[in-house]
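Enquirer: Have a look; sequence and predicted model below, questions after that.
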Amino acid sequence: MAQGTVQVTHTGTSRWRRRTGEYASLAAALEAAGDGDVLTVAPGTYRENLIVQRAVTLRGAEGSPGSVRIAPVDGVPLTVRASAVVQDLHVEGQDAAAPALLVEEGTPELVDVRIMTRSAAGIEVRGNARPTVRRCTVDNPAGIGIAVLDGGGGVFEECEVVAAAQSGVAVRGGAHPRLERCRVHHTSGAGLSATGENSSLEAVGCEVYEVRGSGVQITGRATGHLTDCDVHRTTADGVTMDTDAVLTLADCRIHDIPENAVDLRSRSVLTLTRTTVRQFGRNGLSVWDPGTRVDANQCEIFDSTGDYPAVWVSDGATAVLDSCRVHDVPDALFVLDRGSRVDVVDSDLSQVRNTAVSVSDGATAQLDDCRVREAATGAWFRDHGSGGTLSGCTIDGTQTGVIVTKGADPTIERCTVTSPAEAGFYVSAEGRGSFLNCRVTGSGGYGFHVIDGCRATLRKCRTERCARGGYEFADGGPGAPGGGGAIVEDCTSDESAGLRPAVTQETAVQTASPSPGLLGIPSQRTTEQEPLVTPVPEQPRPARTSEAVLGELDALVGLESVKREVRALTDMIEVGRRRQQAGLKAASVRRHLVFTGSPGTGKTTVARLYGEILASLGVLEKGHLVEVSRVDLVGEHIGSTAIRTQEAFHRARGGVLFIDEAYALSPEDSGRDFGREAIDTLVKLMEDHRDAVVVIVAGYTAEMERFLSVNPGVASRFSRTITFGDYGAEELLRIVEQQAEEHEYRLGQGTAEALLKYFTAIPKGPTFGNGRTARQTFEAMVERHAGRVAQLAEASTDDLSLLYPEDLPELP
């Protein structure tokens, strides 16, 4: 058959028709063909706009796949209006207002068709058409990959959209296609999208990835059913649902998503069964608005890459988790706002860095027969109107099992808290709650810790092996005057003294840890009382003079410019104080500082000494240091950040609030970030309490310069910036020598020279630790020294003390 010709094979029985014939154009061949005829197209490029209106077979030459190109200069290259078969063709379109392949009627079969085009759509199916599309490929960098519109349908099997400037597959106008084992990738819109009432999309065994947008988008009363599908590597949410959308995900996998894995709102309904959600940058499930609902059964949500709760339910939405696992996440489940509700049944929440279950702003949570393990806080009912029920749950390996604060009033029944570090149950700040048949064992602190006269109710509870006591009621215990305090009935403990009485005397204890304990509140106070011994108040450590503290500052290795800056500032403050005492006006000195420099350059140490200096001069009441970072200030939802920032500021009252890596409060891609709320709260507190707290913000030099430039309200509150330079090799050597002397080691012959060479050669990249590197080097030398000396049958004092060049670790 000659190139550029079309052979028509007639399959009918009429003797008046030729059984075969050749035509010079496709249009002529189609005109001559009847139902059932086979049109075999010779290799070549055909600049024709074809319309198939009969049930024919149109195919390329056998053994030459892709050799037949349908490529007109404009319009629709191929239109199918009958139950025809189209096979082994290469279709190219150039019209941005028209599809490359249009199916308008019938039930045609499209097999092994490759569409490389710059059209409005690669394949468009509309009206009553119900094609079967097998092993077809669409490459359309100018429009939609596959569009199914206006009641169209059909089945797409093993098809692939390799590029699209908009959605990979778009369904609207009541259309309802089915995709089987298809791949959609490298799109600049949603991978799969369905919108509009009666529109429906079904996908089985499909993969959606490398999408610049959402992987799956269901909106405007459309429905979707995905089974055994993968959605991953998107730039936006993995799955987006809006405005009465309905979607079912069964045996699906959603992963490697930088935003929300699944986001739904505006009365949308999602059902997940045996689906895994992992490696997401924001929420695994983000559920918003009244009428919006998620039902998850036998699902797993884990391995978050961001700092957001795995499950977020707010604004009156509802979520149900049945037999699910949530683990390796910052927070597991946050439900907030009046009308919002979560029901969690027979599920596991584990390896949670912060709070497993948080209930706030009037929301409700119901947990039945659930297991919480390895979390900072098991469940936290935060404020007035927030409540619900925990029934038959176990909480193991947390800092605190259950926290109830600020008027929240949950019911906790038949729950067991095992091995909490601080408390099994903690109630404060007008929290309430009913605790029925609950048990605490192995607490590092108290079993039940109720403070501030909170009216919690404890019935038939038991504590065992609690280090500080089974029950503690501070500021009003059972039967406290005035009607305050907890109600306790039939509670028992393995303590010989039984249930402890209400505390009448408190001894404040300053914690040595710079990080806050339980809520940042109870870990720095204890209410222990010995019945037979009158407690002797702990004597405060005598305050050092400013000269003594400055002497310690001078003894630090290096930091000469830092020392000059601190001395100059100290002199200004001291002279100002003396002028005031003499009745003269004193120059206003802003004491807030910016510390810039690399890690390990002594910023925290200098901040501590600065606080002591100000206390010795009478500028600050205590001079203590409270060190925080973004995670201590920024909360998980609107309003909580202000509370955290206020609490940190309150802890620093009379001393120094040191904010490390302060630039993290204002990331370059802030989006929905709550860091701005922390900054605004901090600026107001600095203005309202300008004499109560000194604030020092610290971080890398370039990042801090950007932070101050984009937050002029912050920059105006700081008097000066002190830059901490990197340590040189000789200064690092001096740090090692100080460490050796402190630990009763000595540097042997040649060791100092070897250390100088080592510190000169060590890489000084962004991760270089300066003083920390020097200390780590010393620790590594001690370890290698121990390995060497341990082999000696007998070791002299010199053997046990001298560090030699061979004890140096390898360069990193």
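Expert: Sure, I can see it.
Enquirer: Show me what the longest strand belonging to the chain is packed up against.
Expert: Ranked by number of residues, the top strand in the chain under DSSP state E is strand 348-360. Under the contact definition 3 or more C-beta pairs under 8 Å, 6 or more residues apart in numbering; DSSP states H and E, strand 348-360 sits against strand 325-329, strand 331-336, strand 364-368, strand 371-381. Heads up, the C-betas are built off the backbone N, CA and C, glycines and all.
Enquirer: what's the longest helix along the chain in contact with?
Expert: In the chain, with assignment by DSSP state H, the single longest helix is helix 560-581. For helix 560-581, contacts defined as C-beta atoms under 8 Å, 6 or more residues apart in numbering pick out 546, 550, 553-554, 556, 585-587, 589, 591, 593, 602, 606, 609-610, 613-614, 617-619, 719-720, 722-725.
Enquirer: Helix or strand: which one has residue 232?
Expert: strand 230-234 (DSSP states H and E).
Enquirer: What's the separation between residue 376 and residue 256?
Expert: Distance, residue 376 to residue 256, using C-beta to C-beta, to the nearest Å: 27 Å.
Enquirer: circling back to that earlier point, which residues touch whichever helix or strand comes after the strand holding residue 232?
Expert: Remark: after strand 230-234, the chain's next helix or strand is strand 239-242, criterion DSSP H and E. Identification of contacts with strand 239-242 by C-beta under 8 Å, 6+ apart yields 190, 214-220, 231, 247, 249, 254, 261-266, 268, 270.
Enquirer: got the CA coordinates for the helix or strand just after strand 239-242 in CSV?
Expert: Using DSSP H and E, the helix or strand that directly follows strand 239-242 along the chain is strand 246-250. What follows is strand 246-250, C-alpha atoms only, in CSV (Å, rounded to 0.1, in the frame of the first residue of the first chain):
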residue,chain,number,x,y,z
VAL,A,246,-18.8,13.6,48.2
LEU,A,247,-15.7,11.3,48.0
THR,A,248,-14.9,7.7,48.9
LEU,A,249,-11.3,6.6,49.2
ALA,A,250,-10.7,2.9,49.6
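Enquirer: by how many degrees do strand 246-250 and strand 230-234 diverge?
Expert: With axes from the mean of the first three to the mean of the last three C-alpha atoms, to 10 degrees defining the directions, strand 246-250 sits at 110 degrees from strand 230-234.
Enquirer: Among the helices and strands packed on strand 348-360, single out whichever gets nearest to residue 139.
Expert: strand 325-329 (38.4 Å; C-beta to C-beta).
Enquirer: The closest one pairs with which strands, and in what direction?
Expert: strand 300-302 (parallel), strand 348-360 (parallel) (DSSP bridges).
Enquirer: now the shortest one: how far from the chain's centre is it?
Expert: The reference is to strand 300-302. 13 Å (C-alpha atoms, centre = their mean, to the nearest Å).
Enquirer: partners of the following helix or strand past it, with directions?
Expert: Moving toward the C-terminus from strand 300-302, the next helix or strand (DSSP H and E) is strand 309-314. Applying DSSP bridges to the sheet, strand 309-314 is found paired with strand 285-288 (parallel), strand 331-336 (parallel).
Enquirer: Which elements pack onto the helix or strand following strand 309-314?
Expert: The C-terminal neighbour of strand 309-314 among helices and strands, as given by DSSP H and E, is strand 318-322. The criterion is 3+ C-beta pairs under 8 Å, 6+ apart, and the helices and strands that strand 318-322 contacts are strand 285-288, strand 293-297, strand 309-314, strand 341-345.
Enquirer: hmm, who's touching the second one?
Expert: I take that to be strand 293-297. Contacts of strand 293-297 (C-beta under 8 Å, 6+ apart): 262, 264, 268-275, 285, 287, 313, 317-324.
Enquirer: go on, the shortest one?
Expert: By C-beta under 8 Å, 6+ apart, the surrounding residues in contact with strand 285-288 are 237, 260-266, 277, 293-294, 296, 301, 310-315, 317-319.
Enquirer: run the last query once more with 7 Å
Expert: Identification of contacts with strand 285-288 by C-beta atoms under 7 Å, 6 or more residues apart in numbering yields 260, 262-265, 294, 301, 311-315, 317, 319.
Enquirer: for the one helix or strand residue 463 maps to, which positions count as buried?
Expert: Per DSSP H and E: residue 463 is located in strand 462-464. By 16 or more other C-beta atoms under 10 Å, the buried positions in strand 462-464 come out as 462, 463, 464.
Enquirer: ok, residue 630 touching residue 664?
Expert: Yes - the criterion here is C-beta atoms under 7 Å, and residue 630 meets it with residue 664 at 4.1 Å.
Enquirer: sorry, back to before: out of the helices and strands packed on strand 318-322, nearest to residue 330?
Expert: strand 309-314 (7.0 Å).
Enquirer: mind listing what the residue nearest to residue 432 when sequence neighbours are not counted touches?
Expert: Of all residues not flanking residue 432 in the chain, residue 409 sits nearest, at 4.1 Å (C-beta to C-beta, 6 or more residues apart in numbering). Residues near residue 409 by C-beta under 7 Å, 6+ apart: 387, 432, 433.
Enquirer: again, but for residue 208
Expert: Taking C-beta under 7 Å, 6+ apart, one finds 184, 191, 192, 215, 216, 231 in contact with residue 208.
Enquirer: name the element it belongs to?
Expert: Using DSSP H and E, residue 208 falls in strand 207-211.
Enquirer: May I have that strand as PDB, with CA atoms only?
Expert: Output in PDB follows, covering the C-alpha atoms of strand 207-211 (Å, rounded to 0.1, in the frame of the first residue of the first chain):
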ATOM      1  CA  GLU A 207      -1.700   6.900  40.100                       C
ATOM      2  CA  VAL A 208      -1.600  10.800  40.200                       C
ATOM      3  CA  TYR A 209       1.800  12.400  40.800                       C
ATOM      4  CA  GLU A 210       4.100  15.400  39.900                       C
ATOM      5  CA  VAL A 211       1.100  17.700  39.900                       C
END
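Enquirer: on that earlier part again, need the winner for burial among the helices and strands packed on strand 348-360.
Expert: strand 331-336 (a mean of 28; mean count of other C-beta atoms under 10 Å).
Enquirer: So what touches it?
Expert: In contact with strand 331-336 (C-beta under 7 Å, 6+ apart) are residues 309-314, 326, 341-342, 349, 352, 354-361, 363, 365, 636-637.
Enquirer: so where's the stretch 1-150 of the chain uncertain?
Expert: 1-5, 10-19 (pLDDT under 70).
Enquirer: just the helices in it please.
Expert: Ranges of helices within the stretch 1-150 of the chain are 26-32, based on DSSP state H, counting those that start in this stretch.
Enquirer: Nearest the middle, which residue of the protein would you pick?
Expert: residue 306 (2.3 Å; C-alpha atoms, centre = their mean).
Enquirer: need the contact list for that residue.
Expert: 281, 282.
Enquirer: ok, back up a step: which one of the buried residues of strand 462-464 is nearest to residue 489?
Expert: For the buried residues of strand 462-464, the nearest to residue 489 is residue 462 (12.7 Å; C-beta to C-beta).
Enquirer: That closest one bridge partners, please.
Expert: Beta-bridge partners, per DSSP bridges, of residue 462: residue 439, residue 492.
Enquirer: Angles on the backbone of residue 205, please.
Expert: Main-chain torsions, residue 205, degrees, to the nearest 10: phi 60, psi 30.
Enquirer: Look up how far residue 812 lies from it.
Expert: From residue 205 to residue 812 the distance is 47 Å (C-beta to C-beta).
Enquirer: Neighbour count for the two, which is higher?
Expert: residue 205 (16 against 10; other C-beta atoms under 10 Å).
Enquirer: What distance do you get for the more buried one to residue 80?
Expert: Residue 205 is 26 Å from residue 80, by C-beta to C-beta.
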